[in-house]
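Colleague: Kindly return the folded structure for what I paste below:
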Amino acid sequence: MVGLLRPFGRAVTYTRLLHLFIAIVWPSMWLFVQEAWWTWVAAAAVLAPVGLVPAMRTVEGLQARLLLTGHRHDSAGTDIVVTPSVSWADRGRVVVWLEARLLIGCVTSVLCVQLLLACVDLVASAFGRDVGEGLLVFLDGHAWWHVLLVPPALAALAVTVVGSGRLITALARRLLGPSPADRLAALEERTEQLLERARIARELHDSIGHALTVAVVQAGAARAAGDPAFTDRALGAIEETGRAALEDLERVLGILRESERPVGSRPTLTDCDRLLESARVSGAKVDAELTGPVDTLPGPVSREGYRILQESLTNVLRHAGAVPVRVRIAVEADSLALEVRNPLAADIAGPGGGSGLRGIRERAALLGGRARTGPDQGDWQVRVELPLR
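Modeller: This is a model prediction of the structure:
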């Protein structure tokens, strides 16, 4: 019994009924002016061109969200959209929705009014008073037992209220819900968000990871050297690396705060001298060779190339230490080739394992390129090729 009465303790039960009554307000006013059955036909005919207006899906969606589901207009996760119609299929569904809402609202209002009047008439008949015809045309005379028909009439009223509300809500989810195009757009937006989050994660991993690795290696080298001059140079390099890392962190946090912020401030391969010098100060013997016009590289290729080089040098310092490193950057007519090689070293401890190699492959794949990482002729090799078009 409690379960049967639970819907009547929820506000949405009554807002759904209100939603249906709103649909018939203007046809009912028209009916008072011109009492004829064809007024309802005319009302249904008027709704057809109205539903073809793109903004009607927004209007009906907002009403449905608020009155049928109890959600706010800006609620996330609801299955009723509030964007204008973008195709004729969407407009057709809105037309069907308006017609169905008018029909269900008309039937529900008539049944609710008639059942309420029937309850009043049954009580009046039980006390010997004359009643109108209405739904009680089958009753003859007055009898006390007429009052026993009141509970079934109230039950029918309750079923009408709850059932019509659930029916109109189900239709709203079907007719005002997202179309295949809406679902595709939502999926594309979600994919863009995930890609942006992955890119930011790679940015933080590469920039902050590089700075911490350089700082740890340089601090360890300065402690082991016992040379005040070398210690001063190491502290200066740590300071410069830390300042650059703070700039990168502030830029990434700015992207998180302002989604429309441009990425033009990100470092590019034209700034690679800073990376090479940082690795040299950390003890690595870097032999770099740059061929081709690096400053003419497309922005995305140059930025991702910088991060790939940064992660490659970080891995050298982290896992191999102060070893000779050969860096080759070649800009050709249709591709950028970047190669970093260093001698393999076993049992070289380094801070953390990380996911830098996976990040290198992901960056290359996003630009349609390819990356090869692993042992090669006694060296550890990172070789990346990125297309320029």
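
Colleague: How far away from the center of its chain is stretch 337-344?
Modeller: A distance of 39 Å separates the C-alpha centroid of stretch 337-344 from that of its chain, computed with C-alpha atoms, centre = their mean, to the nearest Å.

Colleague: okay, it in CSV with CA atoms only?
Modeller: C-alpha atoms of stretch 337-344 as CSV (Å, rounded to 0.1, in the frame of the first residue of the first chain):
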residue,chain,number,x,y,z
ALA,A,337,63.4,13.4,-38.4
LEU,A,338,64.5,13.4,-34.8
GLU,A,339,67.0,10.9,-33.3
VAL,A,340,68.5,10.6,-29.9
ARG,A,341,71.1,7.9,-29.2
ASN,A,342,73.1,7.1,-26.1
PRO,A,343,75.2,4.0,-24.9
LEU,A,344,73.2,1.4,-23.1
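
Colleague: in that stretch, what counts as buried?
Modeller: Ala337, Leu338, Glu339, Val340, Arg341, Asn342 (16 or more other C-beta atoms under 10 Å). All C-beta spots, glycine's among them, are computed from the backbone N, C-alpha and C.

Colleague: Tell me which of those residues fall in strands.
Modeller: Counting by DSSP state E, the part of these found in strands is Ala337, Leu338, Glu339, Val340, Arg341, Asn342.

Colleague: Make TSV out of those residues and add pLDDT.
Modeller: Shown next, in TSV, are those (pLDDT from 0 to 100):
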residue	pLDDT
Ala337	93
Leu338	93
Glu339	93
Val340	93
Arg341	92
Asn342	91
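
Colleague: of the residues you listed, closest to Ala100?
Modeller: Nearest to Ala100 among those is Leu338, at 61.7 Å by C-beta to C-beta.

Colleague: from what I can see the closest one touches Gly305, true?
Modeller: Yes: Leu338 lies in contact with Gly305 (C-beta atoms under 8 Å); the separation is 5.8 Å.

Colleague: which neighbours do the two share?
Modeller: Ile329, Val384, Leu386 (C-beta atoms under 8 Å, 6 or more residues apart in numbering).

Colleague: For the first one, list the residues it contacts.
Modeller: By C-beta under 8 Å, 6+ apart, the residues touching Ile329 are 269, 272, 288-292, 294, 305, 309, 336-339.

Colleague: What of the second one?
Modeller: By C-beta under 8 Å, 6+ apart, the contact set of Val384 is Gly305, Ile308, Ala337, Leu338, Glu339, Ile360, Ala364, Gly369, Arg370, Ala371, Arg372.

Colleague: Checking the last one next. Helix, strand or coil?
Modeller: On the three-state scheme (DSSP: H, G, I helix; E, B strand; the rest coil), Arg372 is labelled strand.

Colleague: That one: what's its closest spatial neighbour, skipping adjacent residues?
Modeller: The shortest distance from Arg372 to any residue other than its chain neighbours is 4.7 Å, reached at Arg383 (C-beta to C-beta, 6 or more residues apart in numbering).

Colleague: same check, this time on the first one
Modeller: In this structure, Gly305 finds its nearest non-sequential neighbour in Leu269, 4.7 Å apart by C-beta to C-beta, 6+ apart.

Colleague: my guess is that neighbour contacts Gly299, does it?
Modeller: No: using C-beta under 8 Å, Leu269 is not in contact with Gly299; the gap is 10.6 Å.

Colleague: higher neighbour count, these two?
Modeller: The neighbour comparison of Leu269 against Gly299 (other C-beta atoms under 10 Å) goes to Leu269, with 24 against 11.

Colleague: I'd like to know how far that one sits from Thr241.
Modeller: 18 Å (C-beta to C-beta, to the nearest Å).

Colleague: Tell me how far the stretch of helix or strand Gly92 belongs to lies from the chain's centre.
Modeller: Using DSSP states H and E, Gly92 sits within helix 88-126. Offset of helix 88-126 from its chain centre (C-alpha atoms, centre = their mean): 38 Å.

Colleague: Now do the helix or strand following that helix: which elements does it pack against?
Modeller: Per DSSP H and E, helix 88-126 leads on to helix 150-175 as the next helix or strand towards the C-terminus. Helix 150-175 sits against helix 11-23, helix 88-126, with contacts defined as 3 or more C-beta pairs under 8 Å, 6 or more residues apart in numbering; DSSP states H and E.

Colleague: Now do the buried residues in helix 150-175.
Modeller: Residues 150, 153, 156-158, 160-162, 164-165, 168-169, 171-172, 175 are the ones in helix 150-175 that count as buried (16+ other C-beta under 10 Å).

Colleague: Distance from the chain centre to it, please.
Modeller: Worked out by C-alpha atoms, centre = their mean, helix 150-175 lies 34 Å from the chain centre.

Colleague: Please apply the same query to stretch 270-288.
Modeller: Taking C-alpha atoms, centre = their mean, the mean C-alpha location of stretch 270-288 is offset from the chain mean by 40 Å.

Colleague: Then stretch 7-19?
Modeller: With C-alpha atoms, centre = their mean as the basis, the mean position of stretch 7-19 lies at 31 Å from the chain mean.

Colleague: Flag every buried residue along it.
Modeller: Pro7, Val12, Thr13, Thr15, Arg16, Leu17, His19.
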